[in-house]
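S.K.: A structural model of the following input is requested.
(chains A, B, C and D)
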Number of protein chains: 2
Amino acid sequence: MNKWCCPQGRKSYHHGNLRETLIESALEILKEGTLADLSLRALARKAGVSQTAPYRHFEDKEALIAVLKEEGMRKLGKGMKELMAEEADPLERMRKLGMKYVEFAEIYPAHFKVMFEYELQDYDKYCALHDVSDDSFWCLQETVDECLALPNARKVDRSVAQFGAWSMVHGLSVLLMNQSLIEHMKEGHLVDLGDRNQIAEQVTKFFCESLVK
Amino acid sequence: MNKWCCPQGRKSYHHGNLRETLIESALEILKEGTLADLSLRALARKAGVSQTAPYRHFEDKEALIAVLKEEGMRKLGKGMKELMAEEADPLERMRKLGMKYVEFAEIYPAHFKVMFEYELQDYDKYCALHDVSDDSFWCLQETVDECLALPNARKVDRSVAQFGAWSMVHGLSVLLMNQSLIEHMKEGHLVDLGDRNQIAEQVTKFFCESLVK
DNA sequence: CTTTAATATTGACACCGTAAACATAAAGTG
DNA sequence: CACTTTATGTTTACGGTGTCAATATTAAAG
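M.R.: Presented below is the predicted three-dimensional model:
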């Protein structure tokens, strides 16, 4: 006998697809909000389910975050791997990889922050995240190696080029996401999306040109 | 008549120096913890004062955060300004400025995160922070200009060099702070402080050399 | 000395993450 | 089919958070 009455207009006692619903809701929140807006309780509310229901699908909040990181790394990695196939010229591919990175941060700022600013307690627990992250890093490493193998390559240590490239685009992403920081540099001038894109283009170009003589 | 009994062993009803005490406690917490450990209530507890007492000195948590950002920018700016006087060679100074930045993040990671990862709702409200931030930016701009005025300077747009330099050291700081990210790059190898310092040295050197022919 | 302004307290509210005990439904087993 | 197990929900509760309103204490100003 079904004497249970759902809190929201739900048909059955079981939601049926709660895990995926929670993840999708979380992604929605990240699209139009900040990490601070993301709470398990809010997600539960959005799914019309009790506040502790999410704990049947995620050990704790961190486990949900890990999945969000994973989703982000998957999307970023996908875009980068496509470039590996599309663009043969190492230097030009390097530049495009950098722009992909910056554009990702531009389009999904909150998601980007979750990926890189939310520190997990024990990273080793989430090997799926570990695996999917490797894809992006492989693209970077492969492209760096190809650049350094160029006949006109500057004599640069492999790991220096790797760290340099990644640091450059990561810093660029963070700085460009932060309107107030940019305005300092631009001496109070308003900086719109066009300006930011132009800066990103120029800086990534500058870096790639620095790899060769 | 003093019929009031203090919650902790405090002499008088008024704390006397609560604002400074709260800031100092906050700085202590940032030295050995994360941003998540920082709560107004915890600070109040530490000062032996009721949980709403801090609101007599800070409009809200954000106002306290703004002060912490300010403290950090002041310390960073101080170190950078000293370098402006010490080191005459623009390129070498550029390199040292970068290392100062990275070392700051290394020594005060939580404080660094508060400064650059905690987004204020309305930045314009805290003009003291705005002013003290300008000092650091001025050092960067001045040094970039001197580098680009060098006879052997590469032909680079001023704002590109500025953004490039800042992006590079900022990204470097963030990446090096994040042990799990480094280990990806280093293919699982443990990366200690010595390794990180060496990477920072090499990458900043690489960038500075990229500014000249 | 009296009034006022600054500073602190208490109590409350709405959030949050999460643990324990319990309820329901679906899936597996005889 | 009935019966048990497992997966997936709910309720209730605890301690934590930021913050507001009303109140108390005291230092400073008149």
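S.K.: With A:Tyr118 as the reference, measure out to the residue lying closest to A:Lys61 once chain neighbours are set aside.
M.R.: Nearest-residue entry for A:Lys61: A:Leu40, 5.6 Å, with adjacent residues in sequence omitted and distances by CB to CB, 6 or more residues apart in numbering or on different chains. Where you see a C-beta, it was placed from the backbone N, CA and C, and this is true even at glycine. Look at A:Leu40 and A:Tyr118: by CB to CB, to the nearest Å, they are 14 Å apart.
S.K.: Same question for A:Lys31.
M.R.: A:Lys31 is 16 Å from A:Tyr118, by CB to CB.
S.K.: Who has more neighbours out of the two?
M.R.: Using other CB atoms under 10 Å in any protein chain shown as the criterion, A:Lys31 and A:Tyr118 rank with A:Tyr118 on top: 16 against 12.
S.K.: With adjacent residues omitted, what lies nearest to the more buried one?
M.R.: In space, A:Tyr118 is closest to A:Ile65, 5.6 Å off (CB to CB, 6+ apart).
S.K.: buried sites along the helix or strand harbouring A:Leu140?
M.R.: Using DSSP states H and E, A:Leu140 sits within helix A:127-148. Neighbour-count burial for helix A:127-148 flags A:129-130, A:132-133, A:135-137, A:139-141, A:143-144, A:146-148 (criterion: 16 or more other CB atoms under 10 Å in any protein chain shown).
S.K.: Closest one of those residues to B:Thr52?
M.R.: For those, the residue nearest B:Thr52 by CB to CB is A:Leu129; the value is 40.4 Å.
S.K.: one step back: out of the buried residues of helix A:127-148, who's near chain B?
M.R.: Applying CB under 8 Å from any CB of the partner chain to the buried residues of helix A:127-148, one finds that A:Ser133, A:Phe137 fall near chain B.
S.K.: Would you mind listing the buried residues in stretch A:33-40?
M.R.: Going by 16+ other CB under 10 Å, stretch A:33-40 has these buried residues: A:Leu35, A:Leu38, A:Leu40.
S.K.: Let me fix that, I meant to ask about stretch A:157-175.
M.R.: By neighbour count on 16+ other CB under 10 Å, the buried set for stretch A:157-175 is A:159-175.
S.K.: That stretch and chain B, are they touching?
M.R.: Yes - interface with chain B: stretch A:157-175 contributes A:157, A:159-164, A:166-172, A:174-175 (CB under 8 Å from any CB).
S.K.: A:His170 and A:Leu140: what is the separation?
M.R.: 11 Å.
S.K.: pLDDT below threshold where in chain A?
M.R.: Chain A contains residues with pLDDT under 70 at A:1-9, A:188.
S.K.: Which residue lies nearest the spatial centre of it?
M.R.: Relative to the mean C-alpha position of chain A, the nearest C-alpha, by CA atoms, centre = their mean, is the one of A:Phe112, at 3.8 Å.
S.K.: In which helix or strand does that residue reside?
M.R.: Per DSSP H and E: helix A:109-117 holds A:Phe112.
S.K.: Counting by contacts, list what that helix packs against.
M.R.: helix A:18-32, helix A:61-86, helix A:158-177, helix B:109-117 (3 or more CB pairs under 8 Å, 6 or more residues apart in numbering or on different chains; DSSP states H and E).
S.K.: Nearest to DNA strand D, out of those?
M.R.: DNA strand D lies closest to helix A:18-32 among those, at 3.4 Å (CB to the nearest atom of the strand).
S.K.: wait, the residue nearest to A:Tyr118 sits on A:Val114?
M.R.: Yes - the pair A:Ile65 and A:Val114 qualifies as a contact (CB atoms under 8 Å) at a distance of 6.3 Å.
S.K.: okay, and the common contacts of these two?
M.R.: Residues touching both A:Ile65 and A:Val114 (CB atoms under 8 Å, 6 or more residues apart in numbering or on different chains): there are none.
S.K.: rewinding a little: how close does the residue nearest to the residue nearest to the centre of chain A when sequence neighbours are not counted get to DNA strand C?
M.R.: Spatial nearest neighbour of A:Phe112, chain neighbours left out: A:Ala105 (4.3 Å); criterion: CB to CB, 6+ apart. From A:Ala105 over to DNA strand C the distance is 24 Å, taken as CB to the nearest atom of the strand, to the nearest Å.
S.K.: likewise A:Pro54?
M.R.: A:Pro54 sits at a distance of 7 Å from DNA strand C (criterion: CB to the nearest atom of the strand).
S.K.: can you check A:Glu187 too?
M.R.: A:Glu187 is 36 Å from DNA strand C, by CB to the nearest atom of the strand.
S.K.: Next, that residue: secondary structure please.
M.R.: Secondary structure, DSSP: H, G, I helix; E, B strand; the rest coil: A:Glu187 is coil.
S.K.: what residues are up against it?
M.R.: Here A:Glu187 is in contact with no residue (CB under 8 Å, 6+ apart).
S.K.: Could you check the host helix or strand of A:Ile182 and say which residues are buried?
M.R.: Assessed by DSSP H and E, A:Ile182 sits inside helix A:179-185. Neighbour counts over helix A:179-185 (16+ other CB under 10 Å) mark A:Leu181, A:Ile182, A:His184, A:Met185 as buried.
S.K.: Provide the contact partners of it at residue level.
M.R.: A:175-176, A:189-191, A:196, B:116, B:120, B:123, B:130, B:133-134, B:137, B:141, B:159, B:162-163, B:166.
S.K.: Out of the buried residues of helix A:127-148, which comes closest to B:Asn17?
M.R.: Taking the buried residues of helix A:127-148 together and measuring to B:Asn17 by CB to CB, the closest member is A:Leu129, at 46.1 Å.
S.K.: Could you measure from the nearest residue to the closest one once chain neighbours are set aside over to chain B?
M.R.: The shortest distance from A:Leu129 to any non-neighbouring residue, by CB to CB, 6+ apart, is to A:Glu70 (4.5 Å). The gap separating A:Glu70 from chain B is 14 Å, by CB to the nearest CB, to the nearest Å.
S.K.: Write out the residues of chain A neighbouring chain B.
M.R.: So chain A meets chain B at A:34, A:113, A:116-117, A:119-120, A:123, A:133-134, A:137, A:156-157, A:159-164, A:166-172, A:174-175, A:178, A:180-181, A:184-186, A:199, A:202-203, A:206-207, A:210 (CB under 8 Å from any CB).
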